[in-house]
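J.: structure for this input, please:
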Amino acid sequence: MEFDIVSLSRFQFAMTALYHFLFVPLTLGLSVILAIMETVYVMTGRRIWRQMTKFWGTLFGINFAIGVATGLVMEFQFGMNWSYYSHYVGDIFGAPLAIEGLMAFFLEATFVGLFFFGWDRMSKVGHLTATWAVAFGSNFSALWILIANGWMQNPVGAAFNPQTMRMEVTDFYAVLFNPVAQAKFVHTVSAGYTVASVFVLGVSAWYLLKGRHVELAKRSMTVAASFGLAASLSVVVLGDESGYLTTEHQKMKLAAMEATWRTEPAPAPFTVVGFPDQKARETHYAVEIPWVGGLIDTRSLTTPVEGIEQLVERAKVNIKLGVTAFDALQKIRAAGSGAVAPDVKQAFEDNGNLLGYALLLKRYVDDPRKATPEQVSQAAWDTVPQVAPLFWTFRVMVGLGFYFILLMVTFFVLSARRMLDRYPLLLRLAVISIPLPWIAAESGWFVAEFGRQPWIIEGILPTASAVSSLGAATVLLTIVGFALLYSVLFVIEMALMLRAVRKGPSPDDAPDAVLIPATVVPAE
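T.: A predicted model of the protein is given here:
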């Protein structure tokens, strides 16, 4: 029954997280695009740029409101379904979340109000400052969330306290400047910029196909193509950096993504496509490119890429050392305030960082010290995530990333040549491409989170040990409730967005040509 609770809790969190992330990337990207458009308006004084800013700002506002509502649910879930996780790492994980709420979110929310209601109450420069503050707040908020998530992937700057049975901060600077968190931040915000750019490009292309709001659409496409080209290139470059850090800190995730069953001698090949078979530990019909895997994964032609089977053998060793740490921990706790034998203390200091591996045995035996060799082997193989979903999802994400570069290059060239409305087929391609960056973004989060299983904190705390003591029926009931609520919210979101797009920009901010006063002819 415990396994059922873990599976249901994981499913609920995955469902709500992926739903919430439908809104986050568009918010991140649109906030910056709005700031760019309003900057052009303040510099040139041309009211069509004000019209553009207000129109895209309306879509930003709808998306922002739904994103806030779903984001609040995400934070409450840590206490609802993952209470032991919150107890175990609350000192570390809670700090970035608190800073995000107190600094970034309040900053963003305050200036969002000024953006919408300050157009006729503030100076041009003052309102522009508020718009840039919205963009800064949105990205600053993402930074703290990704610092927290990055720590789950690479837990640095913290240590386990055997007296409190919790992880505690030892170096907040290390938590803040965790290289995994920094790489995830720049990669994620670049993905958000790409999402917004494709969205603006696609909606503008639809206007051109319909012959509506042509001047607004052309200018919007120029901004989207320029900004999107830089963003899509950044996504690929920064994704490569994130993958390289995975080589250092999450070798099993990398091996599963690449379906590397056995250690590949240098220079390792890259499998473009294939059909991973986890039972047979083979990839059928694999198409490989020599050397490329070694260059991507290790940035070297002399370093081998470790395979799943070898990493499982290492996990067996770590589990045995983790059991040693678990045994020492029990003796330390039994001693209470009394003296602890030096050899016991030393055993825990030497192996305490592997205590989480002993907890993997809890699935099979209550006391890890009583585990059989077969149970140790089973727990070691549990460190291997499902390979086929990771393998294909990663390739979908990468393939779409290169597609966005090609799309943005195409429209950047058309914009430079003032030929945006010459090719209806390309405009239709831009329209049907609107959902694709969301697929890529959700695929990225799937790879990041599903790929680190069975760990909720890499190498420290197994996911199965982090759940709340709830009944399966209770968790299932909340899943049904969230599914119904989020379905309603999704329908409302789509209805509001589509209505705003069909309505178009407000006539109150007419383009420059409309503002030229007519010649007054004196009456005779």
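J.: break down the stretch 401-524 of the chain into its helices, ranges please.
T.: 424-432, 436-450, 472-503 (DSSP state H, counting those that start in this stretch).
J.: out of these, deepest packed?
T.: When the helices of the stretch 401-524 of the chain are scored by mean count of other Cβ atoms under 10 Å, the highest mean neighbour count falls to helix 436-450 (a mean of 21). C-beta here means a position set from N, CA and C on the backbone, and glycine is covered the same way.
J.: contacts for it next, please.
T.: Contact partners of helix 436-450, identified using Cβ atoms under 8 Å, 6 or more residues apart in numbering, comprise 14, 17-18, 21-22, 25, 149, 153, 184, 187-188, 191-192, 194-195, 198-199, 239, 253, 257, 385-386, 389-390, 393-394, 396-397, 400-401, 403-404.
J.: what subset of those is buried?
T.: The neighbour-count criterion (16 or more other Cβ atoms under 10 Å) marks 17, 21-22, 25, 149, 153, 184, 187-188, 191-192, 194-195, 198-199, 239, 253, 257, 385, 390, 393-394, 396-397, 400-401, 403-404 among the contacts of helix 436-450 as buried.
J.: now, which of the residues you listed lie within helices?
T.: 17, 25, 149, 153, 184, 187-188, 191-192, 194-195, 198-199, 239, 253, 257, 390, 393-394, 396-397, 400-401, 403-404 (DSSP state H).
J.: where does the stretch 401-524 of the chain have low pLDDT?
T.: By pLDDT under 70, the weakly predicted segments of the stretch 401-524 of the chain are 508-524.
J.: where does L301 land in three-state SS?
T.: Recorded secondary structure, L301: coil (DSSP: H, G, I helix; E, B strand; the rest coil).
J.: give me the phi and psi angles of it.
T.: Main-chain torsions, L301, degrees, to the nearest 10: phi -110, psi 10.
J.: do the same with L59
T.: According to degrees, to the nearest 10, L59 has phi -70, psi -40.
J.: show me the contacts for the nearest residue to it once chain neighbours are set aside.
T.: With sequence-adjacent residues excluded and distances taken as Cβ to Cβ, 6 or more residues apart in numbering, L59 is closest to A500, at 5.7 Å. Applying Cβ under 8 Å, 6+ apart to A500 gives the contacts 58-59, 62.
J.: can you rerun that using 10 Å?
T.: Residues near A500 by Cβ atoms under 10 Å, 6 or more residues apart in numbering: 55-56, 58-59, 61-62, 203.
J.: with P505 instead?
T.: Contacts for P505 (Cβ under 10 Å, 6+ apart) come out as 48, 50-56, 58, 207, 212-213, 216, 511.
J.: and it, how far from E258?
T.: The spacing between P505 and E258, counted by Cβ to Cβ, to the nearest Å, is 47 Å.
J.: in the stretch 151-300 of the chain, which spans are helices?
T.: Using DSSP H, counting those that start in this stretch, helices in the stretch 151-300 of the chain cover 172-176, 179-210, 214-249, 251-258, 292-298.
J.: return the set of buried residues in the third one.
T.: Pointing back at helix 214-249 there. Buried-residue list, helix 214-249, by 16+ other Cβ under 10 Å: 216-229, 231-235, 238-240, 242-247, 249.
J.: okay, domains of this structure per the record?
T.: Per the record, the chain has its domains at 2-252+384-502, 259-298, 308-381, by automatic domain parsing.
J.: can you tell me which of those is most buried?
T.: Taking mean count of other Cβ under 10 Å, domain 2-252+384-502 is the most buried of these, at a mean of 19.
J.: just for the chain, where's the confidence low?
T.: For the chain, counting by pLDDT under 70, the residues that fall below are 1-3, 508-524.
J.: in it, which residue is closest to the centre?
T.: Nearest to the mean C-alpha position of the chain, by Cα atoms, centre = their mean, lies W445 at 4.8 Å.
J.: quick one: it from E349, how far?
T.: Computed as Cβ to Cβ, the W445 to E349 distance reads 36 Å.
J.: contact partners for the closest residue to T302 other than its chain neighbours?
T.: Once flanking residues are discounted, T302 sits nearest to A266: 5.0 Å by Cβ to Cβ, 6+ apart. A266 is in contact with 291, 293-294, 298, 300-305, counting by Cβ under 10 Å, 6+ apart.
J.: and the helix or strand A65 falls within, what other elements does it pack with?
T.: Here A65, judged by DSSP states H and E, is contained in helix 47-80. Applying 3 or more Cβ pairs under 10 Å, 6 or more residues apart in numbering; DSSP states H and E, one finds that helix 47-80 makes contact with helix 2-20, helix 24-44, helix 83-99, helix 106-117, helix 124-153, helix 179-210, helix 214-249, helix 472-503.
J.: now the angle between helix 472-503 and that helix, please.
T.: 180 degrees (axes from the mean of the first three to the mean of the last three Cα atoms, to 10 degrees).
J.: could you give the angle of helix 47-80 to helix 24-44?
T.: 150 degrees.
J.: is T27 in contact with F105, as I believe?
T.: No. Look at T27 against F105 with Cβ atoms under 10 Å: they stay out of range, at 11.6 Å.
J.: which residues are common contacts for the two?
T.: With Cβ under 10 Å, 6+ apart, T27 and F105 have common neighbours 68, 71, 138, 141.
J.: just those now: which is nearest S465?
T.: Closest approach to S465 among these (Cβ to Cβ): G71, at 26.1 Å.
J.: the closest one and I92: what is the separation?
T.: 20 Å.
J.: next: T188.
T.: Distance from T188 to I92, by Cβ to Cβ: 20 Å.
J.: also K251?
T.: Here K251 is placed at a distance of 23 Å from I92 (Cβ to Cβ).
J.: one more: R314?
T.: R314 is 26 Å from I92, where distance means Cβ to Cβ.
J.: follow-up on the earlier one: so the helix holding A65 versus helix 124-153, what angle?
T.: Using the same axes, to 10 degrees: helix 47-80 against helix 124-153 is 30 degrees.
J.: just how off-centre is helix 47-80 within its chain?
T.: A distance of 17 Å separates the centroid of the chain from that of helix 47-80, by Cα atoms, centre = their mean, to the nearest Å.
J.: now do that helix against helix 214-249, angle only.
T.: 40 degrees.
J.: spit out the contact partners of V305.
T.: Going by Cβ under 10 Å, 6+ apart, the list of residues near V305 reads 247, 251, 254-255, 258, 260, 262-270, 293-294, 296-298.
J.: how does it look with 8 Å?
T.: Taking Cβ under 8 Å, 6+ apart as the test, what V305 contacts is 247, 254-255, 258, 260, 263-264, 266, 268, 293-294, 297-298.
J.: next: R502.
T.: Contacts of R502 by Cβ under 8 Å, 6+ apart: none found.
J.: quick check: the gap between it and F76.
T.: 35 Å.
J.: again with M252
T.: 31 Å.
J.: same check, this time on A225
T.: Going from A225 to F76 by Cβ to Cβ gives 40 Å.
J.: now do S465
T.: 21 Å.
J.: please apply the same query to K251.
T.: Distance from K251 to F76, by Cβ to Cβ: 34 Å.
J.: for P290, same thing?
T.: 50 Å.
J.: same deal with T53?
T.: 34 Å.
J.: then Y357?
T.: The value you get for Y357 to F76, if Cβ to Cβ is used, is 31 Å.
J.: what do you get for I308?
T.: For I308 relative to F76 (Cβ to Cβ), the value is 36 Å.
J.: please apply the same query to Q310.
T.: If you go by Cβ to Cβ, the gap between Q310 and F76 works out to 41 Å.
J.: contacts only, for L470.
T.: Applying Cβ under 8 Å, 6+ apart, we find L470 in contact with 5, 9, 81.
J.: ignore the last one, V189
T.: So V189 contacts 28, 139, 142 (Cβ under 8 Å, 6+ apart).
J.: my guess is S220 contacts V200, does it?
T.: Yes. Counting by Cβ atoms under 8 Å, S220 does reach V200; the two are 5.4 Å apart.
J.: so what sits against both of the two?
T.: W56.
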